[in-house]
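>>> Need the 3D shape of this:
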Amino acid sequence: MSRVGNAPIPLPSNVDINISGSHVTVKGPQGVLERDVPSPISVITEEGVIKVVRPNDERRNKALHGLVRALVNNMVVGVTNGFVKELEIVGVGYRATPQGPNQIQLALGFSHPVNVTAPDGVTFEVPQPTRINIKGIDKEKVGQVAANIRKIRKPEPYKGKGVKYVGERIVRKAGKAGK
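The predicted structure follows:
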């Protein structure tokens with residue numbers, strides 16, 4: 001029995017949900033998110049909660065049950081609070097400079113600066129030259145943009161230079177052994 005899929009999703013008073021067939025639309029103070037639900041799974045609302053129901057206990061339906069519940073919950077949280085991923089830049093001369101609300105310029109030790117443009121629904125904040133906050137209502141987009149920025153210069157294991165998530169622990173290696 002899916003423990004994630006059976007948990008009801010509380011529906012805040014300032015959030016509206018519209019379910020038409022397999023299409024779910026969630027509207028809240030932060031914006032609107034839409035998603036298509038796979039066919040055997042259905043989403044219903046009752047008395048201020050959202051429930052995700054599966055027709056039977058087939059293996060595929062069990063897997064989709066928890067997935068759809070998590071996706072719908074992320075939609076509700078996104079339109080109420082939004083999501084933030086924080087990145088930290090480590091290295092001498094490595095920095096980020098804002099070029100507007102949806103573009104930043106990164107100096108990461110290359111011979112040229114790297115410009116990163118945010119997709120729709122995602123914004124950048126640079127509170128310090130070595131910190132980047134990525135904000136948006138879609139958890140999937142925010143996480144993907146953060147992963148793409150981290151991929152430009154991953155933290156290396158010897159000095160730890162590069163772009164990493166705040167709180168991420170980099171496993172360090174010993175350098176060359178001396179005499």
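>>> Residue ranges in this structure under the pLDDT threshold?
Along the chain, segments meeting pLDDT under 70 span 1-2, 178-179.
>>> any idea which helix is longest in this structure?
If you go by DSSP state H, the chain has its longest helix at helix 59-80.
>>> All the strands of this protein, residue numbers only.
9-10, 16-20, 23-27, 32-36, 42-46, 49-53, 83-90, 95-98, 103-107, 114-117, 122-125, 131-136, 162-165 (DSSP state E).
>>> any idea how far Lys161 lies from Ala146?
18 Å (C-beta to C-beta, to the nearest Å). Every residue, glycine included, has its C-beta placed from N, CA and C.
>>> One more: Asn18?
Going from Asn18 to Ala146 by C-beta to C-beta gives 30 Å.
>>> go on, Val79?
From Val79 across to Ala146, the span is 20 Å (C-beta to C-beta).
>>> still on that earlier bit, now the longest helix of the chain: buried residues?
61, 64-79 (16 or more other C-beta atoms under 10 Å).
>>> which residues sit against that helix?
For helix 59-80, the external contacting residues (C-beta atoms under 8 Å, 6 or more residues apart in numbering) are 2-7, 9, 11-12, 14-15, 17, 24, 26-33, 35, 37-38, 40-41, 43, 50, 52, 54-55, 83, 136-140.
>>> what's the answer for stretch 87-96, then?
So stretch 87-96 is contacted by 104-109, 126, 129-134, 146, 149-150, 153, 155, 159-166 (C-beta under 8 Å, 6+ apart).
>>> can we see that at 7 Å?
Counting contacts by C-beta atoms under 7 Å, 6 or more residues apart in numbering, the residues outside stretch 87-96 that touch it are 104, 106-109, 126, 129-132, 146, 149-150, 155, 160-166.
>>> ok so, going back, only whichever of the contacts of helix 59-80 are buried, select them in PyMOL.
The PyMOL selection below is limited to those of the contacts of helix 59-80 classed as buried (16+ other C-beta under 10 Å):
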select buried, resi 2+5+9+11+15+17+24+26+27+28+30+33+35+37+40+41+43+50+52+54+83+136+137+138+139
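>>> rewinding a little: can you list the strands of the chain in JSON lines and add distance to Arg172?
Shown next, in JSON lines, are those (distance: least, C-beta to C-beta, whole Å):
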{"stretch": "strand 9-10", "distance to Arg172": "41"}
{"stretch": "strand 16-20", "distance to Arg172": "47"}
{"stretch": "strand 23-27", "distance to Arg172": "43"}
{"stretch": "strand 32-36", "distance to Arg172": "40"}
{"stretch": "strand 42-46", "distance to Arg172": "46"}
{"stretch": "strand 49-53", "distance to Arg172": "43"}
{"stretch": "strand 83-90", "distance to Arg172": "12"}
{"stretch": "strand 95-98", "distance to Arg172": "23"}
{"stretch": "strand 103-107", "distance to Arg172": "23"}
{"stretch": "strand 114-117", "distance to Arg172": "25"}
{"stretch": "strand 122-125", "distance to Arg172": "29"}
{"stretch": "strand 131-136", "distance to Arg172": "21"}
{"stretch": "strand 162-165", "distance to Arg172": "12"}
